[in-house]
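> Kindly return the folded structure for what I paste below:
(one chain, ligands or ions: 2)
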Amino acid sequence: MRVHRIASIPADGIGPEVIAAGLEALDALAARDGGFRLEVTHLDWGSARYKQTGAYIPEGGLDLLRGMDAIYFGAVGAPDVPDHISLWGLRLPIAQGFDQYANVRPTRILPGITSPLRDAGPGDLDWLIVRENSEGEYAGNGGRTHRGLPEEVATEVAIFTRVGVERIMRFAFQAARARPRKLLTVVTKSNAQRFGMVMWDEIAAEVAADFPDVTWDKELVDAMTMRMVRKPRSIDTVVATNLHADILSDLAAALAGSLGVAPTGNVDPQRRYPSMFEPIHGSAFDITGKGVANPVASFWTAALMLEHLDERPAAAALMAAVEQVCAAGILTPDIGGTATTKDVTRAVCEVLRGANLPTD
Ligand code: IPM
Ligand code: MG
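Residues are numbered from 1 along each chain as shown. Ligands and ions are numbered 1, 2, ... in the order given. Next comes the predicted model:
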């Protein structure tokens, strides 16, 4: 029996609701598969803890995580804590402390979900966005001086290192190679940003030489937004900087029909440290506690985590169950349905236990 040690950090807002749903589905999968078992450590790290103790992560917390095989993360952020405090208090110390430099964001139109793109259905939009996750525009490099004075200055300096760019390019080419179309678009802005982005393009061309079987092209980030809307079928795998991919992945999620279904993995491809998997949607206070949060992103996130743990058949079974439930119209209100988090979770678990759903 393979045992995977998972740290569960549901944290804030709808995080606990969707992570509980995901853990239920994972239990159902492990029970039916029989080949693996998850050993889950539940951690209460989040904004409530921060308000009580002054720290999101307790003393020795990162050491505790270090021994895990993966981290299943909900969402962080609270209305009464500034966003940069919560983010730099919990998620970024994990992502940066464990050098999770590759952020992977698969997006596709699930059956039963309507894309705002006219005539686009499942198969027309099937992308994998690879986001550089350790440096670039979000490196945290900058400062403020002369605070409050008319001459106040703030800098936010993007950092691009050869090591950082080369490793994300290599990861992206490999990811593209592993998908049927073997097609990679390198997003850039090397017309206006003439240092970091020019180096980015040069390194892309160097790395491409090692991947003759991958077809690749370059697109300026502004033009990329148009291409995503106008020619979604021309795109497969995409690699972009931290900032560019942050923006493009929200657009991708919207074009696929909902931010409520989009997952992400913060991955250390070298597996020196645990990788962290999370839904993209964030805390969503407006619906917290109402029982209507969409658990699909959390399920898809769990599937990404299973793939990373090399439990591929289980990951595929989970996604097949999710697709069957979506196709049957069992959808939460954010994607036009009337089902609750529990309804969707129950339906997914039933399919995993072998039930057939009525299709309409
Ligand atoms: C995302 C989110 C975060 C990010 C925010 C909350 C800082 O937008 O996962 O895309 O940009 O990393
Ligand atoms: Mg974002």
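
> Got phi/psi on Asn133?
phi -120, psi 10 (degrees, to the nearest 10).

> Arg105 is in contact with that one, correct?
No: assessed by C-beta atoms under 8 Å, Asn133 is found out of contact with Arg105, at 10.4 Å. All C-beta spots, glycine's among them, are computed from the backbone N, C-alpha and C.

> Name the residue in these two with the higher neighbour count.
Legend: neighbour count by other C-beta atoms under 10 Å for Asn133 and Arg105, higher for Asn133 (27 against 23).

> give the contact list for that one.
Applying C-beta atoms under 8 Å, 6 or more residues apart in numbering to Asn133 gives the contacts 95, 100-103, 242, 266.

> Could you dump these into CSV and include neighbour count?
Formatted as CSV, the contacts of Asn133 follow (neighbours: other C-beta atoms under 10 Å):
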residue, neighbour count
Ala95, 24
Gln100, 21
Tyr101, 23
Ala102, 25
Asn103, 24
Asn242, 21
Asn266, 26
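
> Distance check, whichever residue of the stretch 151-300 of the chain sits closest to ligand 1 against Arg118.
Here the residue of the stretch 151-300 of the chain nearest ligand 1 is Asp246; by C-beta to the nearest ligand atom that distance is 4.2 Å. As for Asp246, its distance to Arg118 is 26 Å (criterion: C-beta to C-beta, to the nearest Å).

> Break the protein down into its domains, please.
1-101+269-360, 126-255 (automatic domain parsing).

> can you count the residues close to the closest residue to ligand 1 within the stretch 51-200 of the chain?
Ligand 1 sits closest to Leu87 of the stretch 51-200 of the chain, with a gap of 5.2 Å, by C-beta to the nearest ligand atom. Using other C-beta under 10 Å, Leu87 has 17 neighbouring residues.

> try the one 10 residues further on
When neighbours are counted by other C-beta under 10 Å, Gly97 registers 14.

> for the protein, longest helix please?
helix 15-33 (DSSP state H).

> packing partners for it?
strand 2-11, strand 36-42, strand 70-75, helix 296-308, helix 312-327, helix 341-352 (3 or more C-beta pairs under 8 Å, 6 or more residues apart in numbering; DSSP states H and E).

> which one of the ones you listed lies closest to ligand 1?
Nearest of the helices and strands packed on helix 15-33 to ligand 1, taken as C-beta to the nearest ligand atom: strand 70-75 at 8.7 Å.

> distance between the helix or strand following the closest one and the chain's centre?
Scanning forward in sequence from strand 70-75 by DSSP states H and E, the next helix or strand is helix 83-86. Here helix 83-86 is found 19 Å from its chain centre; the criterion is C-alpha atoms, centre = their mean, to the nearest Å.

> pLDDT (mean, whole number) over helix 83-86?
Averaged over helix 83-86, pLDDT sits at 94.

> Using the three-state scheme, assign Val186.
strand (DSSP: H, G, I helix; E, B strand; the rest coil).

> State the pLDDT value of Thr359.
55.

> Ok, Ala355 next?
Confidence score, pLDDT, at Ala355: 74.
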